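Q: Got a predicted structure here, sequence first:
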Amino acid sequence: MRNTTRLLLVLGLSALSPVAMAQSTSEQLLQLRQEVSVLQGEVNSLIAVQKAERGSQSALADLVNRSQRMEAEIRDLRGELESKTHALEQQQKATQERLNSVAAAVATVAPVSSAGLGSSAPTASVASAAQTTNTSSALASALGGASESSVPGLGQADYQRAFDLLRAGKYGSAVTALQEFIRKYPQSSLVVNAYYWLGQAQYVLGQNDAAIKSLTTVETQYAQSSLAPEAMLRLAEVYQSTGQSAKARGVLNKILKQYPSTPSAQKAQAQLQAMSR
């Protein structure tokens with residue numbers, strides 16, 4: 001009986017061992033799963049950190065690229081600003097030179113008595129005419145290119161108003177007034193003067209094509225006037241300022257040929273020498 005009981009005990013223990021072993025293995029498996037889960041969490045955390053770092057690096061690289069592009073744009077804008085500033089300074093300098101030149105021309109104008117016309121009226125005359133001691137001769141010289149059908153002194157009041165605008169530096173208004181005078185009094189002996197000063201005012205305003213047209217009118221239609229060579233001097237200057245040096249030289253040489261031994265010829269010679277340097 002005792003032996004039977006022992007055998008049953010041994011058999012019972014033998015039957016319990018696999019269960020106990022299974023429970024132990026299950027616990028180990030569960031523990032391993034828990035550890036794997038923890039490790040997976042750590043891996044995911046590390047992956048997230050790396051992604052964040054890569055994102056930060058990408059954002060930083062993008063920021064650096066944008067900064068470099070902005071610096072390049074700033075350099076370009078600075079260069080463009082400097083270029084435009086220089087061009088503006090050159091334009092202002094050229095405009096001031098034009099103003100000084102025309103002001104000098106206006107300063108040579110003096111009232112010329114027209115007693116022979118029965119009235120007193122100031123008229124534009126170039127330096128060579130102003131230097132003439134006989135005022136009636138000066139007037140004849142200034143108006144030498146007028147046509148035979150021209151009327152001496154016609155529209156003098158309108159002409160004087162236009163010229164006063166020019167003298168006051170109101171070049172835009174002077175241009176309008178001189179053009180109106182020419183339209184209104186085409187037969188006036190003062191038309192040559194009006195064209196001459198119209199070209200001067202247009203030159204100051206930078207209306208180069210219009211100035212060339214007005215000054216060329218004096219040169220071609222009033223070639224016998226003392227204003228013609230002076231108009232040609234200014235015409236050459238306009239050509240020179242617009243990069244048409246060949247035309248400028250042609251006009252200056254024409255002055256030397258057509259008006260030798262005159263103050264205008266001396267000025268033309270000086271300009272030619274300056275252009276050759």
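A: Nice, thanks for sending it over. Numbers count the residues shown, from 1 in each chain.

Q: which residues sit against stretch 249-261?
A: With CB atoms under 8 Å, 6 or more residues apart in numbering as the test, stretch 249-261 has contacts from 219, 223, 228-229, 232-233, 235-236, 239, 264-265, 268-269, 271-272, 275. C-betas here are computed from N, CA, C, even on glycine.

Q: try stretch 240-248
A: With contact meaning CB under 8 Å, 6+ apart, stretch 240-248 is reached by 94, 208, 236-237, 239, 271, 275.

Q: So Q50 versus D76, what's the distance?
A: Remark: distance between Q50 and D76 (CB to CB, to the nearest Å) = 39 Å.

Q: Give me the below-cutoff pLDDT ranges for the chain.
A: Low-confidence segments of the chain (pLDDT under 70): 1-23, 70, 77-78, 80-95, 97, 99, 101, 103-105, 107-150.

Q: quick one, helices of it?
A: For the chain, the helices defined by DSSP state H cover 2-107, 127-130, 135-142, 156-167, 171-184, 191-204, 208-221, 227-241, 245-258, 263-276.

Q: Could you dump these into a markdown table with mean neighbour count added?
A: What follows is the helices of the chain, written out as a markdown table (neighbours: other CB atoms under 10 Å):
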| stretch | mean neighbour count |
| --- | --- |
| helix 2-107 | 10 |
| helix 127-130 | 20 |
| helix 135-142 | 19 |
| helix 156-167 | 20 |
| helix 171-184 | 19 |
| helix 191-204 | 27 |
| helix 208-221 | 20 |
| helix 227-241 | 23 |
| helix 245-258 | 17 |
| helix 263-276 | 15 |
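
Q: Nearest to R69 among the contacts of stretch 249-261?
A: Y239 (45.2 Å; CB to CB).

Q: Which residues are in contact with that closest one?
A: With CB under 8 Å, 6+ apart, Y239 has these contacts: 212, 245, 247-248, 251.

Q: go again using 10 Å as the cut-off
A: With contacts defined as CB atoms under 10 Å, 6 or more residues apart in numbering, the neighbours of Y239 are 208, 212, 215, 245-252.

Q: nearest to L190, of those residues?
A: Looking across these and measuring by CB to CB, the closest to L190 is L215, at 16.6 Å.

Q: Surely that closest one and D209 touch.
A: No. Applying CB atoms under 10 Å, one finds L215 not in contact with D209, separated by 11.1 Å.

Q: what's the overlap in contacts for the two?
A: Taking CB under 10 Å, 6+ apart as the contact rule, L215 and D209 both touch 202, 238.

Q: any residues touching stretch 212-220, and which ones?
A: The contact list for stretch 212-220 (CB under 10 Å, 6+ apart) reads 145, 175, 178-179, 182, 191-203, 207, 225, 227-239, 242, 244, 247, 251, 254-255, 258.

Q: now with 6 Å?
A: 195-196, 198-199, 227-228, 231-232, 234-235, 238 (CB atoms under 6 Å, 6 or more residues apart in numbering).

Q: For W197, see how far away I182 is.
A: For I182 relative to W197 (CB to CB), the value is 11 Å.

Q: now R98
A: Counting by CB to CB, the gap from R98 to W197 is 14 Å.

Q: ok, now D62?
A: Taken as CB to CB, the span from D62 to W197 is 64 Å.

Q: now Q31
A: 110 Å.

Q: ok, now K257?
A: 26 Å.

Q: contacts for stretch 157-177?
A: Here stretch 157-177 makes contact (CB under 6 Å, 6+ apart) with 106, 178, 181, 190, 197, 201, 204-205.
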